[in-house]
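Trainee: how would this look folded up:
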Amino acid sequence: MQAVVKYGQHDGEVELRDVPEPAPGPGQVLLEVAAAGVCGSDIEMWRHHVTFAVNTPVIQGHEFAGTIAALGEGVDEYQVGDRVVSETAAYICGRCPHCRAGEYNLCPERLGFGYGTNGAFCRYVAVPTRCLHRVPDGVPFEHACLTEPGCVSYNAIIVRSDPRPGEMCVVLGPGPIGLFAVQVARLAGCNPIVLVGTEADAGRLEVGRTVGATHALVSGEDDVGTLVEDLTGGFGAPLVVDAAGGSATLQLSMEIVARNGQITKIGWGPNPVGFSLDPIVQKAARLQGTFSHTWRTWEAVIGLIASGDMMMAPMATHDFSISQWERAYHLVEDREAVKVVLRPE
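Mentor: Numbers count the residues shown, from 1 in each chain. Prediction:
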């Protein structure tokens, strides 16, 4: 089968290869991929601008949904033909305190699809049944495969933060995670919701307005700090979500967060900070990291997608076959797409 493979540890070392089809092991199913979303981390691995280890060669792709094609030994809770979507934690130890507490996203031995073990930019992938969730009738695969980034944002805001109806939420970075964060903030009742991007993000900022942002600002052109002050009577934003990850957005977060407020950092950033963190101390603000998701989060987000409360059509902007992976990657890298869906041929 054809697969998009990262084969080296340098910029551009990704290509389409013919690889053997996997077989499901005990407790696994063979999932025939119907649709797989391209994540920003896939682009970072392509360019090798990563802050985490990548086991090469590895098939990329960790946002995927499809149909069960075969069952491994001992699997009796699923049947061939079932429509499913998969979580990303391909391997967890099952023994550490985090796994035992249901926080397997924080397992120190965790390996994710697409970087730690083979992912889904191909036709077939072997998946442990513990990763699977059923796709409700009426939810197309091109929407189901984007459950994962929705879960990242849900975990960040609902589980790890303290959103309050009628209070401001500022989201920095209008990439897919930031746009899903806008949606989750809307569902949590936050108001106003301020989305901040750059001049290159014009299209994504417009999508942000569609999915729930009450204000969409261009950093460097619009005075974000002044708007936040005006909207809050000078008190600042109770919740700031940094979905961009760079040093500049962390610094802006500290400037606009309210006293006793919270900054939730989703975005990764490899560069050193280079400035004082004392404003967090002065404001008694909380800086909260957040990573990945768990089973309960997935079930909640799938329900929101099925009900239509989480809007998926504005998110899935492009659809290609995996042979067009490079075109898809460029569209994401150049911020011309929100989410690109790849399909096996």
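Trainee: quick one: the helices in this structure?
Mentor: Along the chain, the stretches classed as helices by DSSP state H are 40-47, 97-100, 141-144, 147-154, 176-187, 202-211, 224-232, 247-256, 278-282, 295-307, 325-333.
Trainee: next, the buried residues of the last one.
Mentor: Going by neighbour count (16 or more other Cβ atoms under 10 Å), the buried part of helix 325-333 is 325, 328, 329, 331, 332, 333. C-beta: built from backbone N, CA, C; applies to glycine.
Trainee: how about the nearest residue to the first one, chain neighbours excluded?
Mentor: Setting aside the residues directly before and after it, residue 325 is nearest to residue 4 in space (Cβ to Cβ, 6 or more residues apart in numbering), at 4.7 Å.
Trainee: gap between the one you found and residue 285?
Mentor: Residue 4 sits 41 Å away from residue 285, going by Cβ to Cβ, to the nearest Å.
Trainee: the more surrounded of these two?
Mentor: Neighbours of residue 4 and residue 285, each counted by other Cβ atoms under 10 Å, are more numerous for residue 4; the result is 28 against 21.
Trainee: check whether that one really touches residue 57, as I assumed.
Mentor: No. Contact criterion Cβ atoms under 8 Å: residue 4 and residue 57 do not qualify, at 11.0 Å.
Trainee: related to what we said a few turns ago, list just the nearest of the buried residues of helix 325-333 to residue 174.
Mentor: Nearest to residue 174 among the buried residues of helix 325-333 is residue 332, at 13.1 Å by Cβ to Cβ.
Trainee: state the pLDDT value of residue 62.
Mentor: As predicted, residue 62 sits at a pLDDT of 98.
Trainee: surely it and residue 112 touch.
Mentor: Yes. At 5.8 Å, residue 62 counts as touching residue 112 under the criterion of Cβ under 8 Å.
Trainee: who touches both of those two?
Mentor: residue 88 (Cβ atoms under 8 Å, 6 or more residues apart in numbering).
Trainee: which of the two has more neighbours?
Mentor: Neighbour totals were compared for residue 62 and residue 112, and residue 62 leads with 25 against 19 (other Cβ under 10 Å).
Trainee: who are the contact partners of the most centrally placed residue in the chain?
Mentor: In the chain, the residue lying closest to the centroid (Cα atoms, centre = their mean) is residue 149, at 2.8 Å. Taking Cβ under 8 Å, 6+ apart, we find residue 149 in contact with 37, 39, 63, 176, 177, 180, 339.
Trainee: Throw those residues into a markdown table and include neighbour count, thanks.
Mentor: Converted to a markdown table, these look like this (neighbours: other Cβ atoms under 10 Å):
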| residue | neighbour count |
| --- | --- |
| 37 | 27 |
| 39 | 25 |
| 63 | 30 |
| 176 | 30 |
| 177 | 23 |
| 180 | 31 |
| 339 | 26 |
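Trainee: that'll do, ta.
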